[in-house]
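Q: generate a structure from the sequence data that follows.
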Amino acid sequence: MSSRDDDRFRVRPGAPKQRGDAFINQVLRQTNKAGAKVGNKIGKAGRQPGARLGRGHVAARFAGRSLAANARRVAIKARLVNLAKASPRSITTHLRYIEREGVDRLGGAGRAYGPTTDAADLDAFKERSAGDRHQFRFIVSPEGAEQLDDLRTYTRHLMARMEGDLGTRLEWVAVDHWNTDNPHTHIVLRGKDDTGKDLIISRDYIAEGMRGRASELATEWLGPRTEREIQRTMQREVDQERWTGLDRTLQRETGDDGLVRIERFSEPRLQRQRQVLIGRLQRLQRMGLAVESQPGKWVVHAEAEATLRAMGERGDIIRTMQSAMNSRQRELAVFQPGKDSQAIVGRVVGKGLAGELHDKGYLIVDGTNGKAHYVALPPRADLEHYPTGAVVEVKGSADVRAADRNVAALVVDGVYRTDHHLAVAQGQATPDRDPREVVAAHVRRLEALRRAGIVDRVAEGVWRVPDDLIERGRQYDAPRLGSGVAVALKSHLPIERQTRVIGATWLDQQLLGGDKGMGDLGFGGEVKYALSKRADFLIEQGLAQRRGQRVVLARNLLATLRERDIGAAARKIAEETGLIYRPMENAKPISGVYRRDVLLASGRYAMLDGGAGFSLVPWKPVIEQKRGRRVTAVVCGQGISWEFARQRGPSIG
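A: The predicted structure is shown next:
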């Protein structure tokens, strides 16, 4: 935790939703300027242009002015979220994350509270926030928070003081987290005042005033810091491998000539820090980030801040991974799309939001290669799609799609034909790959590229393809997967449950493929054990035979398992709804209202209600926004195309 004078705020707002409101635009623009530059310390209230725009600019000048150097410090992180540009599930994802398991004092789930209730209704809060232009998110961490008898009451008093400063009632919910060394509170504040107008808070109040009020309150409750506490805190920072308050002090004391002079540490304002600042310089020297150019004169390298921040982030990642692995011994690795050429297959053992204020998610994947991997998800990725225990495949999205390579290789005179591709695929067929499914997968890719204007469909099964298809396909994928990472859900079921279910599971695909690439350590070893159990189950079901040391699987195993799985689900739905089940036929369109999705062992399916009957068809993300609307689906093998009302052509998931 850094001192009040040394604390730095990074506020990252997005663009406003209604661009016609010039006043709000100006406020958000100035706020963005204040927080955009890393390392740019926000100065005293009123120095920056636009400092007086918004509520609280007057209070920002006086909040915390009476605090002495030994006042309790409070670290506050803030983010202004533009809900117009955020993911549609941004509010839901953030609220669910801060209320997750393992964050309260006893290791249970977090409990949201509000100004007058200990059991806030998050669904109601989300509904009221649905039309808001923006939302404020804060993390408040008072120094010595573990000594507070009631962090909730502290938070309520803080928000009450903010209401006085801002001149309006505030609607907020909060969750206390006790799962770190520094207990802290997550506060989500609606972007509306008590009259229903957009709540605009002065940049200076967010940067200085709120922290001043929080520090005043903490000092009143816990008393000033003792000299021993101050020295102990500074001493801890000397050896830390992250950007610290001592580093910020050294940064401020660097002269125009780039030198830090130890003689300045004898001045009264720095005398208390003299020994720890010298100790920090010596530590930076051992890290290769500083050098004593002359006796008593030091040069701190220009890249020191970036390096230390990166080291701090990596340290946070390692601690997160160790916690997720729960004492399971694995080599730890961070997945880097540009460097890791091989795809990773593994089990999700942990997930969360990076930085806790942001919607950027991460997964901890226990790989079949015996390593645990930290995977930063693409923007707007929904953590709900990757349940803990699920099997996923991770690869770099910047890589060229295999489908694009295949299409380019089959082009003759600028034209790709599905009949030609089917003939080639039939000649290369293997037991686990239906040639029609292979071609259908390539058609889905071509449909996506057609909508982007990259290829043209000349006739059914005939496509005109540009010479630079591979490069244009890669460019098309890049902005949609901004992190350079593509994560595919292979099964939502843990492998333990896959061993004895009726359905075409991921384990079945591994049996057909000969469990290639499986290591003997960690998750790879667990998969091999699960495969033997799955083989025993298939033998029980009459879908496999044991011949000596070999297990011979039935023909069309996946199709048989899939049909049984869908059939059982269809019978249950028919009993519930009274509708007649209508199986889909290959290449024949079927229409109905998309009612809901059904999660089966064989995958996710959409229920289409045609009135007198219903069908179950493979679900694709493209139809999720069409829930409750009439759609038409055409299944080709395992591929599926969709037609929606008011669209000219088919849309393929």
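Q: what about the protein, any weak spots by pLDDT?
A: Filtered on pLDDT under 70, the chain yields the residue ranges 1-52, 88, 338-341, 355, 397-400, 429-433, 478-483, 515-517, 636-639, 645-653.
Q: excluding its backbone neighbours, what's nearest residue 284?
A: Using Cβ to Cβ, 6 or more residues apart in numbering and skipping residues adjacent in sequence, the residue nearest residue 284 is residue 290, 3.7 Å away. (C-beta placed from N, C-alpha, C; glycine too.)
Q: and the closest residue to residue 272 other than its chain neighbours, what element?
A: In this structure, residue 272 finds its nearest non-sequential neighbour in residue 230, 7.2 Å apart by Cβ to Cβ, 6+ apart. In this structure, residue 230 sits in helix 227-238 according to DSSP states H and E.
Q: just the buried positions in that helix, please.
A: Neighbour-count burial for helix 227-238 flags 230, 233, 234, 237, 238 (criterion: 16 or more other Cβ atoms under 10 Å).
Q: out of the residues you listed, who's nearest residue 507?
A: Using Cβ to Cβ, residue 237 comes nearest to residue 507 of the buried residues of helix 227-238, at 50.0 Å.
Q: residues contacting that closest one?
A: Going by Cβ atoms under 8 Å, 6 or more residues apart in numbering, residue 237 touches 244, 245, 246, 276, 280.
Q: among the residues you listed, which ones are in helices?
A: 245, 246, 276, 280 (DSSP state H).
Q: would you quantify the distance from the first one to residue 233?
A: To residue 233, residue 245 is 9 Å away according to Cβ to Cβ, to the nearest Å.
Q: where do the helices sit along the stretch 51-200 of the chain?
A: For the stretch 51-200 of the chain, the helices defined by DSSP state H, counting those that start in this stretch occupy 59-62, 90-98, 122-129, 151-166.
Q: quick one: contacts for the closest residue to residue 493 other than its chain neighbours?
A: In space, and not counting its chain neighbours, residue 493 is closest to residue 601: 6.1 Å by Cβ to Cβ, 6+ apart. Residue 601 is in contact with 493, 498, 501, 502, 503, 504, 505, 565, counting by Cβ under 8 Å, 6+ apart.
Q: in JSON lines: these, plus neighbour count and secondary structure.
A: Formatted as JSON lines, the contacts of residue 601 follow (neighbours: other Cβ atoms under 10 Å; DSSP: H, G, I helix; E, B strand; the rest coil):
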{"residue": "493", "neighbour count": "21", "secondary structure": "coil"}
{"residue": "498", "neighbour count": "23", "secondary structure": "helix"}
{"residue": "501", "neighbour count": "17", "secondary structure": "coil"}
{"residue": "502", "neighbour count": "19", "secondary structure": "coil"}
{"residue": "503", "neighbour count": "21", "secondary structure": "coil"}
{"residue": "504", "neighbour count": "24", "secondary structure": "coil"}
{"residue": "505", "neighbour count": "28", "secondary structure": "coil"}
{"residue": "565", "neighbour count": "21", "secondary structure": "helix"}
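Q: I'd like to know which of those is nearest to residue 519.
A: Distance to residue 519 across the contacts of residue 601 (Cβ to Cβ) is lowest for residue 498, with 18.7 Å.
Q: gap between the closest one and residue 532?
A: The gap separating residue 498 from residue 532 is 13 Å, by Cβ to Cβ.
Q: and for residue 380?
A: 40 Å.
Q: of these two, which one has the most company?
A: The neighbour comparison of residue 380 against residue 532 (other Cβ atoms under 10 Å) goes to residue 380, with 16 against 11.
Q: in what helix or strand does the more buried one lie?
A: Here residue 380, judged by DSSP H and E, is contained in no helix and no strand.
Q: show me what contacts it?
A: Contact analysis of residue 380 by Cβ under 8 Å, 6+ apart lists 87, 359.
Q: before we move on, the earlier item: phi, psi of the residue nearest to residue 284?
A: phi -150, psi 160 (degrees, to the nearest 10).
Q: for it, grab the count of nearby residues.
A: 20.
Q: how is the chain carved up into domains?
A: 22-225, 234-305, 402-480, 559-652 (automatic domain parsing).
Q: what residue is smack in the middle of this protein?
A: For the chain, the residue nearest the mean C-alpha position is residue 361 (1.2 Å; Cα atoms, centre = their mean).
Q: who touches it in this structure?
A: Residues in contact with residue 361 (Cβ under 8 Å, 6+ apart) are 93, 351, 352, 353, 354, 377, 381, 382, 383.
Q: from these, pick the one nearest residue 577.
A: Nearest to residue 577 out of the contacts of residue 361 is residue 382 (Cβ to Cβ; 27.8 Å).
Q: isn't that closest one right next to residue 89, touching?
A: Yes - at 5.8 Å, residue 382 counts as touching residue 89 under the criterion of Cβ atoms under 8 Å.
Q: wait, a helix at residue 299?
A: No - counting by DSSP: H, G, I helix; E, B strand; the rest coil, residue 299 falls outside a helix, being strand.
Q: helix or strand: which one has residue 372?
A: Going by DSSP H and E, residue 372 is in strand 371-376.
Q: which elements pack onto that strand?
A: Packing partners of strand 371-376 (3 or more Cβ pairs under 8 Å, 6 or more residues apart in numbering; DSSP states H and E): helix 304-325, strand 331-334, strand 344-353, strand 361-367, strand 485-491.
Q: that strand: how far from the chain's middle?
A: How far strand 371-376 lies from its chain's middle: 13 Å, per Cα atoms, centre = their mean, to the nearest Å.
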